[in-house]
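Trainee: Give me coordinates for this.
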Amino acid sequence: ASVAFAVSSVSHDESAGIVNIAVEFQATPGRVLQCPLTVDVRDLQNGSASGTDYTFTPTTKTATFNPGAGNGTTAVVTLAIVDDNWIECQSETINFVLENITSDGAVVLGATTAHQATILASDSTSVSISATDPAGDESGPDNAVFTVSLDSGNSTQYDLAFSYSVSGTATNGSDYTSLSGLATIAAGNTSATVTVAVQADSQAECDETVSLTLTGVTCGSLNGAASTDSATISETAPTVSVSVSDSDAVEPANDGAFQIALDGGQTAERNITVSYTVGGTATNGTDYAILSGVATIPAGNTGVSVLVDVSSDTLAECDETVVLTLTGASCGVANSASSQASLTITDDEPEISISANDASAAEDAANDGQFTISLDSGTAERTITVSYSIAGTAQNGTDYTLVSGTATINAGAGSATVDITVTDDSLAE
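Mentor: Numbering: from 1, shown residues only. Below you'll find the model as predicted:
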């Protein structure tokens, strides 16, 4: 005859409570036990279940068979399974062994002396992420913090690993210490934090975002409604100034240039678009190639040049100005103290001549005279006022109608006339 576990293994839900471990008496049919028989059931304490998952006290319990027990008779010891609030996504095992049979040798241990009880995994939860400190700041620097939490509020019994992706306008490993995309909620906890360790630099940059999105978890599921969140890294907005970098602009072919630059020698982290207006006495698109009103400081650079490509023409014109005024930037603001600069396009000043194109004036015949004031070459780009003086033996305003002493060559014209309108009087002259 022998005694052995009735089965080698069995599984239980965590909610099963008190369960029996059966030990079976095995004998030839018709034979019965004549004396009391005991055998010990010992918890080996080497399974994956912990002492908080079940109770088996003492660690060795005795199963007793009474006289008269026949083949198939069972004796039981009890195992108490604890229904806890731990988050457990894996089944847990308890290992038992039969030993110390009390017998005169007529009954021995049978074939099944090992028994494994499995507590089935039954607790799960969804996992969420939130930016619990969504405001990072480079000037501190001050870090931003994300928290990954078990939605049930219960602690995890084992380390629970999760993965996440990183996005946003801030650069991982540059604007903040590199994030690996993996983290763990340690056993006994309900959450874990992911810190965005902001790194200060000298680059010109505006506020940037960091977004974390959960992509996987070793226990439970992802909460689709709360699987991503964002934080903002605040930056000190850069300022932009303009200056004249090449003031030697001369018609017909020597160009001038402005320089739009980030203050303090900063470099742009990414492209920065700067807008500006163009004024001055020179005409945009006529006296120089048209300026668009926008310029881009490329990533990695401190500034950008705006070329004033001087145009050659035959117009009579004097020195003219080009005034560039900054109006805004895609990242940063215009420095109010240096948001405007002016350069001069030097032109050959036009020469002007005068001639009497009707030199014979007569009082008695009402024959008037006329002078022509002319540009030696070209036409006037804009109105030119010419002053002149009056001399001679005839009296201005007496012998001829008063002439003012100024004449105007209109824009687009090459000359102007001064009429001498003779006055007929009774004086002997």
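Trainee: Give the buried residues for stretch 93-109.
Mentor: 94, 95, 96, 98, 101, 103, 107, 109 (16 or more other Cβ atoms under 10 Å). Heads up, the C-betas are built off the backbone N, CA and C, glycines and all.
Trainee: got it, and stretch 235-249?
Mentor: Neighbour count says stretch 235-249 has 235, 238, 239, 240, 241, 242, 243, 244, 245, 249 buried, by 16+ other Cβ under 10 Å.
Trainee: hmm, back to that, out of the buried residues of stretch 93-109, who's nearest residue 369?
Mentor: Nearest to residue 369 among the buried residues of stretch 93-109 is residue 94, at 130.7 Å by Cβ to Cβ.
Trainee: Need the pLDDT of that closest one.
Mentor: For residue 94, the pLDDT comes out at 97.
Trainee: what's the answer for the one 10 residues further on, then?
Mentor: According to the prediction, residue 104 has pLDDT 73.
Trainee: any idea what it is structurally, helix, strand or coil?
Mentor: Secondary structure for residue 104, judged by DSSP: H, G, I helix; E, B strand; the rest coil, is coil.
Trainee: Which residues are in contact with it?
Mentor: residue 35 (Cβ atoms under 8 Å, 6 or more residues apart in numbering).
Trainee: Tell me how far it lies from residue 39.
Mentor: When Cβ to Cβ, to the nearest Å is applied, the distance between residue 104 and residue 39 equals 14 Å.
Trainee: thinking again about what came up before, out of the buried residues of stretch 235-249, who's nearest residue 278?
Mentor: For those, the nearest to residue 278 is residue 242 (11.4 Å; Cβ to Cβ).
Trainee: so where's the stretch 1-150 of the chain uncertain?
Mentor: The stretch 1-150 of the chain contains residues with pLDDT under 70 at 122-123.
Trainee: wait, which of the buried residues of stretch 93-109 is closest to residue 283?
Mentor: residue 94 (93.2 Å).
Trainee: OK, contacts around that closest one?
Mentor: Counting by Cβ under 8 Å, 6+ apart, residue 94 has contacts 43, 47, 49, 53, 54, 56, 79, 116, 117, 118, 119.
Trainee: so the third one, which of the three states?
Mentor: Look at residue 49: counting by three-state DSSP, its state is coil.
Trainee: need the contact list for the closest residue to it other than its chain neighbours.
Mentor: In space, and not counting its chain neighbours, residue 49 is closest to residue 92: 3.7 Å by Cβ to Cβ, 6 or more residues apart in numbering. Neighbouring residues of residue 92 by Cβ under 8 Å, 6+ apart: 47, 48, 49, 50, 53, 118, 119, 121.
Trainee: List the residues that contact the closest residue to residue 102 other than its chain neighbours.
Mentor: Spatially, and ignoring its direct neighbours in sequence, residue 102 is nearest to residue 38 (4.6 Å; Cβ to Cβ, 6+ apart). Counting by Cβ under 8 Å, 6+ apart, residue 38 touches 62, 63, 64, 65, 100, 101, 102.
Trainee: Can you tell me how far the second one is from residue 165?
Mentor: Which is residue 63. 56 Å.
Trainee: Counting neighbours, go ahead and name the busier of those two.
Mentor: residue 63 (22 against 13; other Cβ atoms under 10 Å).
Trainee: Give me the next element, helix or strand, following the host helix or strand of the more buried one.
Mentor: For residue 63, the host element (DSSP states H and E) is strand 60-65. Per DSSP H and E, the first helix or strand lying C-terminal to strand 60-65 is strand 74-81.
Trainee: So what angle separates the directions of that next one and strand 60-65?
Mentor: Computed by axes from the mean of the first three to the mean of the last three Cα atoms, to 10 degrees, the angle separating strand 74-81 from strand 60-65 equals 150 degrees.
Trainee: Check which helices and strands strand 74-81 sits against.
Mentor: Applying 3 or more Cβ pairs under 8 Å, 6 or more residues apart in numbering; DSSP states H and E, we find strand 74-81 packed against strand 18-26, strand 54-55, strand 60-65.
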